[in-house]
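A.B. asks: How does the following fold in three dimensions:
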Amino acid sequence: MRTARVSPASRRKLISLAAVSAAVLSGVALVGPASATESADRAPAAQAAASQVEAAPGETAERLIVGYKSSAPEAKSNSAASADAEAKGKEAGEELDFQRRLGTGAALVDLGEDLSAKDVSDVIAEYQADPQVSYVVPDRLNTPQADPNDTEYSKQWDLFEATAGMNVPGAWSTSTGSGVTVAVIDTGYVTHSDLAANIVGGYDFISDTAVSVDGNGRDSNPADPGDWYNANECGAGIPASDSSWHGTHVAGTIAAVTNNSKGIAGIAHGAKISPVRVLGKCGGYDSDIIDAITWASGGTVSGVPANSNVAKVINMSLGGSGSCTSATQSAINAAVNRGTTVVVAAGNSNANAANYSPASCSNVITVAATNRSGSRASYSNYGSIVDIAAPGGQTSTGTANGILSTLNSGAKTPSTENYEYYQGTSMATPHIAGLAALLKSANTSLTPAQIESAIKTNARALPGTCSGGCGAGLADATKTVAAVSGGGGGTPSGTTFSSTAAVSIPDAGSAVESPITVSGISGNAPSALQVTVDITHTYRGDLVLDLVAPDGSTYRLKSSSTSDSADNVKTTYSVNASSETANGTWKLRVQDVAAQDTGTVNSWKLTF
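C.D. replies: Numbers count the residues shown, from 1 in each chain. Predicted structure coming up:
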């Protein structure tokens, strides 16, 4: 886990708040560049105040995020916000600089250079005294939530092992995440052939060139140039570190290409990944993360083009110490209101997650990490704020006990692609983001709250132990997907089971079959069982289609026809299957009975 960032010597000095008076701080926390995130109270008492300051003695900050009440001119006008910053600075005897408007509407204000703790205290007091200010919080630094380790062994125990795996393969016959985009708000993406087919457009939100490494500010290229740093560059006593390629590792767990005869399997391998870059050298700022959350979920950010790949799931394997600020909470609330599920890391400090952010924010799914025996990993944060646990790995007894995913071998800049074991709540979080994508794909009507509830309700008891609290238990992908798609016990009619595995149809050859396993439906199938078929074929008249019941009985859906020359079969058939037991393996049987044409079964589903 990365430690707190302190600006390189070439940049301005970060201002210590150790001497800021308790009266001004009101006992809440103004947190500057911090150690990697875990979490804090979801609804700190101080956040109920009309005008808020969130600060902690001994922390550092160089910029403030100022939220204005909606009725204030500064909430809508950049010139008004700039004028207000100038006025506040004059009152405090300093020169403040309005930087930009965040996607939430808050103002980013630069504190200037070489301010003393007393100077910072005066600025905060000026904002706090303004009745038009809703909150004032630091622009904190966040860092990746993972500890990288070397690889030796390629089994993904985290997906399928009976003891502590997440029971993922059983969900794939129903959902692979197709149609869902997951935004990975992280270090960006370094090209990897086991992931490239599932990457869609993202964005680089790093505005500070000292952090970005790529030599420029915000742009449409989320490529990861590397986040290495020299000894002491990110703080006195902090040793040098190679590039982590953290975002690529996270993305591979979610949606690495599967059934391609190489590499690893992604949990939601039918989904797409939108890389959104916010972490660079020594970390990344809240302000950039807030805009990334806004944009990824379909909101508007000034100066940034509209997002054409709006995410229904956001993964944030990042964070810093201190409670969730009002600025970050505002962005998360807006994203969830747009229908985006936000999944965050609990953090790697073996501490109460209630003291870290964004893990402590409301409206998120906070994820703790388990090891290969199913106990809480020794580094993982814990507490009542945690919602769920997922495999994060523990490499003290061998690298094979970590989480294997896509990476790059470059120590500083990109080199050759490879795979490595990492451990951390950063690795647990994409397991849940991938599961959220499976759920959203299986049932598109699900809200973020319903997705969170389904994951927690269908978790299984933690196989090992968790001192301090690990939420509802260990997530179970198969059980959860079945529950939202109609596979849960006692489900009503209208539930759907589907297969998205492509099956080739040979020319004038033997019949091929595509299976769907149905479970949790009481009694027999309905008298109007709906069979929806999507087949691509160059002459569909050659095709004969049958539905095969679990006991082997067949129901003809379509006969061959010499007069039917259309290309595709995309239709729904109704079958009286009331004599058949619903539960079991149903099959779609397809045969091409004439020469010269081939095709593919793209997908099919049963609706009870």
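
A.B. asks: Determine the number of other residues adjacent to Ala231.
C.D. replies: By other CB atoms under 10 Å, 11 other residues sit near Ala231. Yep, even glycine has a C-beta here, placed from its N, CA and C like the rest.

A.B. asks: Could you confirm it falls within a strand?
C.D. replies: No. According to DSSP: H, G, I helix; E, B strand; the rest coil, the state of Ala231 is coil, so it is not within a strand.

A.B. asks: Reduced to three states, what does Met427 come out as?
C.D. replies: helix.

A.B. asks: any idea how far it lies from Cys466?
C.D. replies: 17 Å (CB to CB, to the nearest Å).

A.B. asks: can you check Asn142 too?
C.D. replies: Using CB to CB, one obtains 25 Å as the distance from Asn142 to Cys466.

A.B. asks: Likewise for Asn524?
C.D. replies: Distance from Asn524 to Cys466, by CB to CB: 42 Å.

A.B. asks: okay, these two: which has more neighbours?
C.D. replies: Cys466 (20 against 15).

A.B. asks: which ones are touching that one?
C.D. replies: Counting by CB atoms under 8 Å, 6 or more residues apart in numbering, Cys466 touches Ala368, Thr370, Ser375, Arg376, Tyr382, Ala389.

A.B. asks: want to throw these into TSV with distance to Thr562?
C.D. replies: Output for the contacts of Cys466, formatted as TSV (distance: CB to CB, whole Å):
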residue	distance to Thr562
Ala368	62
Thr370	59
Ser375	65
Arg376	65
Tyr382	68
Ala389	59
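
A.B. asks: Among those, name the ones in helices.
C.D. replies: Counting by DSSP state H, none of the members of the contacts of Cys466 fall within helices.

A.B. asks: Looking at the residues you listed, which is nearest Trp604?
C.D. replies: Among the contacts of Cys466, Ala389 lies closest to Trp604 (CB to CB), at 34.7 Å.

A.B. asks: Need phi/psi at the closest residue to the closest one other than its chain neighbours.
C.D. replies: Leaving aside its chain neighbours, Ala389 sits nearest to Cys470 (4.2 Å; criterion: CB to CB, 6 or more residues apart in numbering). The phi and psi values for Cys470, taken as degrees, to the nearest 10, are phi -120, psi 30.

A.B. asks: For Asn458, give me phi and psi.
C.D. replies: Dihedral angles (degrees, to the nearest 10) for Asn458: phi -100, psi 10.

A.B. asks: how many neighbours does it have?
C.D. replies: Asn458 has 22 neighbours, counted by other CB under 10 Å.

A.B. asks: what residues are up against it?
C.D. replies: Asp476, Lys479, Thr480, Ala483, Gly488.

A.B. asks: hmm, which two among the residues you listed are most spread apart?
C.D. replies: Spatial extent of those (CB to CB) is set by the pair Asp476 and Gly488 at 12.0 Å.

A.B. asks: Would you confirm that Gly319 contacts Val344?
C.D. replies: Yes. Shown here, Gly319 and Val344 form a contact pair, counting by CB atoms under 8 Å, at 7.0 Å.

A.B. asks: Could you check which of these two is surrounded by more residues?
C.D. replies: Gly319 (38 against 34).

A.B. asks: Report whether that one is found in a strand, as I expect.
C.D. replies: Yes. Under three-state DSSP, Gly319 sits within a strand.

A.B. asks: Give the bridge partners for it, please.
C.D. replies: On the basis of DSSP bridges, Gly319 is bridged to Thr143.

A.B. asks: what about the spatially closest residue to Gly374 that is not a sequence neighbour, which SS state?
C.D. replies: Setting aside the residues directly before and after it, Gly374 is nearest to Pro463 in space (CB to CB, 6+ apart), at 2.8 Å. Under three-state DSSP, Pro463 falls in the coil class.

A.B. asks: okay, now Pro463: neighbour count?
C.D. replies: Using other CB under 10 Å, Pro463 has 17 neighbouring residues.

A.B. asks: Spell out, range by range, the helices that occur in the protein.
C.D. replies: With DSSP H as the criterion, the chain has helices spanning 22-25, 78-92, 117-129, 157-160, 209-212, 246-255, 286-296, 326-337, 425-442, 448-457, 477-485.

A.B. asks: how about TSV for the ones you listed, with mean pLDDT and mean neighbour count added?
C.D. replies: Shown next, in TSV, are those (pLDDT from 0 to 100; neighbours: other CB atoms under 10 Å):
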stretch	mean pLDDT	mean neighbour count
helix 22-25	24	14
helix 78-92	92	18
helix 117-129	83	19
helix 157-160	92	21
helix 209-212	93	18
helix 246-255	98	31
helix 286-296	98	29
helix 326-337	96	23
helix 425-442	97	32
helix 448-457	92	19
helix 477-485	91	25
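
A.B. asks: Reformat those helices into a markdown table and put distance to Glu513 next to each item.
C.D. replies: Converted to a markdown table, these look like this (distance: least, CB to CB, whole Å):
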| stretch | distance to Glu513 |
| --- | --- |
| helix 22-25 | 68 |
| helix 78-92 | 62 |
| helix 117-129 | 67 |
| helix 157-160 | 24 |
| helix 209-212 | 52 |
| helix 246-255 | 27 |
| helix 286-296 | 40 |
| helix 326-337 | 41 |
| helix 425-442 | 22 |
| helix 448-457 | 30 |
| helix 477-485 | 21 |
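
A.B. asks: Ala72 is nearest to which of those helices?
C.D. replies: Of these, nearest to Ala72 by CB to CB is helix 78-92, at 8.0 Å.
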